[in-house]
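Asker: sharing a model that was predicted from the sequence below.
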Amino acid sequence: MISDKKIKRIKIGFYIVIIFGVLFAANRLDKTHFDTAQHSLNSIYNDRVVAQDIIYQLSSTFNDRHLLYISETFVDVSVAEVKKQDELIKALFSDFRNTLLTENEKKQLRYLEVNFSKLKEVESVEGNSNSMVLTDLKQKFLDINENLDALSKIQLSESRNLKAIGQKSLDSNDLLSITEIIIMGFFALALIVLIFYKGA
């Protein structure tokens, strides 16, 4: 027959195992929530802030390009300034593709690249400063600006979503910590009672 002292030791061992089990499980959950929050914060900077900066640079470059047609009587698309803009725009497209894109962003980026190609076609028309060509160019710049506006709105929306995900993980972590303290307190109290209460 097992003595009371041995039963008491078994109970103490059981509670200690439970406590360590709770600590381990809580630690793993804490790490999961922390990783989610960390990913959200990293993505806000690495993807959203970087993408917004690329959009700003594209917008500024296209605005400068548009001003050429407003201020000049003729724009030679082979000049160094225009070629430099073309290289910058293509490099910015490539940088944008290297961020974490949503399906909507991929679609808008494709539209933007298509509209840029269409702009290049209109620009290559001889006598590109006559009124008909300028009207066509104006429309192409409007189309490009619409694409850039759509991409900019996506950045704001995705940043809000990532912030919400990160906050949810932090809130879950807080709730888990409180629950962990309650459970640990319960088992600690049970151990104290088991050790010091003679009738246990």
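Answerer: Noted; the coordinates are in hand. Given the structure is predicted, the values throughout are model-derived calculations rather than measurements. Numbering: from 1, shown residues only.

Asker: can you show me the helices along this structure?
Answerer: 4-43, 50-71, 80-97, 103-123, 131-196 (DSSP state H).

Asker: now do the second one against helix 80-97, angle only.
Answerer: I take that to be helix 50-71. Calculated by axes from the mean of the first three to the mean of the last three CA atoms, to 10 degrees, helix 50-71 forms an angle of 160 degrees with helix 80-97.

Asker: check which residues of helix 50-71 are buried.
Answerer: 50-52, 54-55, 57-59, 61-62, 65-66, 68-69 (16 or more other CB atoms under 10 Å). No exception for glycine: its C-beta is placed from N, CA and C like everyone else's.

Asker: any chance of these in TSV with pLDDT and distance to Arg97 as columns?
Answerer: Output for the buried residues of helix 50-71, formatted as TSV (pLDDT from 0 to 100; distance: CB to CB, whole Å):
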residue	pLDDT	distance to Arg97
Val50	84	12
Ala51	85	10
Gln52	87	15
Ile54	92	10
Ile55	92	13
Gln57	95	15
Leu58	96	13
Ser59	94	18
Thr61	95	17
Phe62	94	18
Arg65	89	21
His66	89	24
Leu68	82	27
Tyr69	79	28
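
Asker: so which of these is the closest to Glu105?
Answerer: Closest approach to Glu105 among these (CB to CB): Ala51, at 7.8 Å.

Asker: so which of the buried residues of helix 50-71 would you say is closest to Glu113?
Answerer: Distance ranking of the buried residues of helix 50-71 against Glu113, using CB to CB, places Leu58 first at 11.0 Å.
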